Structures are given as C-alpha cells and as structure tokens.
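S.K.: let me see the structure of the following:
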Amino acid sequence: MLDKPRVLAVQNWANGGPGRFGEWLADAGLAVEVVTAFDGSPLPARLSHDALLVLGGGYLPDDDEKAPWLPATRALIAEALAGSVPLFGICLGGQMLASVAGGKVLGDAGAPEHGSTPIMIRAEAAGDPLFHDLPDVVPAIEHHVDAITDLPGGAVWLAETERCPYQAFRVGQQAWGVQFHPEIIPEWIRRWDADRLREQGFDPGELYAAALADEPLSAPAWREVALRFAALVRDRRAGH
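M.R.: Sure, this is the predicted structure:
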C-alpha cells in the first residue's frame, strides 16, 4: 500500500538480501524496497524513504573500485544522519555507518567470526530504543573478517563479543549499526565458501548445526529489535 512507511534496503552482495529482517519489518507494516546495487541497479540520488537499511557484503566501506556504488551508499547514510532518518546497518552496512560518522574500520582486523556467536549486551543498552531489555547474551550469526576498530565520537556502544568488541552501536538517536547478521537463517550458512571456512579453522557442518540449535534464542530477540525499529519508523512518519 502506498501509505505504508517506506524502507530503502541497499543490497551489496548477491546472497546478501534483507532476509528475515526485511520480513519482520514487512510484518510490522513497512514497505521494504530493495535496490540490488551490486548488480548495477541505481541508487536514488536523494533519500526520500522513511528509513534506510544497508546490508552486508564482502567489501570495506571505501572499496570503491571493487564496488562503485559505495560512494552513493555513503551519501545516503550521511543524508540519513543529517536528517535523523532511521537507519539500520548490518555488517558492511554497520561498518559504513561507523566510517561515515567518523569511526575506523580495518580489513582482516583480529580473529574472524563465522556462525552462531554469543553476543553480549552491554549495560549501555538499557536505555536504547532497540536493545533495551534483551537477554544478557543473545546468539547471532557472524560472517566477517573486517571489523570496526574505533567507534565514532559520541556513539553508544551496545553489544560486544570476545573476538570483536564493536558488535552493536548507535549514532545519535536514529541510527544503529551491527556487525552480526540478524537477517540470516541457518540455511544461509550452506551457501558460504566451505574451503575458506576450513582454512580459517571452522567446520561448516558444525557451524550449521550450532546455528540451528541457537535459533530458539536468537530469532525472537532479533525479531523484537526489528519490530522496535519498525515502530520507530512508523512513529516518525506519523509525526510523533
């Protein structure tokens, strides 16, 4: 319906769609409009949507030669920040938010994380619109070797893991970035490069089994985060 709040979802990787996060937003009354930027589909020059969702991909935030749409994506992120448009960045999307807002991201930073991983919710999350009252530890699927090494000034640090400290953060009052993948279901792990996983010390079968076992804990928590984000978008659209 035309009167639904609209979310622009930027897809940076062929296998990196909005997944269940997009489904949860749609269930909450938002219209999720995906632009497959990775295949050359053009991004809008200006952000006219009610919210911005920037998804993951195998790039650094400034890999402009490999991914020539990244400058346009960074411009949309900057516009969302300047206009207090609700924004949610996942993996690369979270790294891009950190970079645009003044933080630092490095390639091959620290130990890689793959598969279901305990995300430790920090005390600072107690007052956060999306992360408040979550369990102290929530599993989420990880799939990265690059990482945020410095948060932007003034950002609120919301969650961490043993291998990668900056797992979730907020910039201002309307923009969130996460390093993990709340949108991924365990079956997606079967699409990953099994040989590369083994080279990094991970067993693909074990990763899949662990993610399946953690689903009853992870899915409800990240669905709640998605629904809270959707409510924020609806409230802003309504002028509350």
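
S.K.: can we go C-alpha only for contacts and neighbour counts from here?
M.R.: OK.

S.K.: hey, which helix is longest across this protein?
M.R.: Taking DSSP state H as the criterion, the chain has its longest helix at helix 204-238.

S.K.: now that helix: buried residues?
M.R.: 204, 207-208, 210-211, 214-215, 218-219, 221-223, 225-234, 236 (16 or more other CA atoms under 10 Å).

S.K.: now stretch 94-110
M.R.: G94, Q95, M96, L97, A98, S99, V100, A101, G103, K104, V105.

S.K.: pLDDT score for R163?
M.R.: We have a pLDDT of 93 for R163.

S.K.: what kind of secondary structure is the residue lying closest to it once chain neighbours are set aside in?
M.R.: Of all residues not flanking R163 in the chain, A111 sits nearest, at 6.0 Å (CA to CA, 6 or more residues apart in numbering). What DSSP: H, G, I helix; E, B strand; the rest coil gives for A111 is coil.

S.K.: my guess is A111 meets H144, correct?
M.R.: No - counting by CA atoms under 8 Å, A111 stays clear of H144, with 9.2 Å between them.

S.K.: those two: who's more crowded?
M.R.: More crowded of A111 and H144, by other CA atoms under 10 Å: H144, with 22 against 14.

S.K.: mind checking pLDDT for the more buried one?
M.R.: 96.

S.K.: so what's it up against?
M.R.: C91, P112, E113, H114 (CA atoms under 8 Å, 6 or more residues apart in numbering).

S.K.: need phi/psi at the nearest residue to the first one once chain neighbours are set aside.
M.R.: It refers to C91. Excluding the flanking residues, the one nearest C91 by CA to CA, 6+ apart is Q179, at 4.2 Å. Torsion angles at Q179 (phi, psi; degrees, to the nearest 10) stand at phi -90, psi -30.

S.K.: ok, now the one 3 residues further on?
M.R.: Main-chain dihedrals, P182, degrees, to the nearest 10: phi -70, psi -20.

S.K.: kindly report the same for the one 10 residues further on.
M.R.: Phi and psi for W192, reported as degrees, to the nearest 10, are phi -70, psi 160.

S.K.: and it, how many neighbours?
M.R.: W192 - counted by other CA under 10 Å - has 14 other residues nearby.

S.K.: quick check: pLDDT value at it.
M.R.: At W192, pLDDT is 96.

S.K.: what's near enough to touch it?
M.R.: W192 makes contact with no residue, according to CA under 8 Å, 6+ apart.

S.K.: now it: how far from R198?
M.R.: 11 Å (CA to CA, to the nearest Å).

S.K.: and for A45?
M.R.: Using CA to CA, we find A45 at a distance of 41 Å from R198.

S.K.: doesn't E206 make contact with L197?
M.R.: No - L197 lies out of contact with E206 (CA under 8 Å); the separation is 11.1 Å.

S.K.: pLDDT below threshold where in this structure?
M.R.: For the chain, residues meeting the criterion pLDDT under 70 lie at 1-2, 240.

S.K.: is the residue nearest the centre of it in a bridge, and if so with what?
M.R.: The centroid of the chain falls nearest to I90 when counting by CA atoms, centre = their mean (1.3 Å). Judged by DSSP bridges, the bridge partners of I90 are V178.
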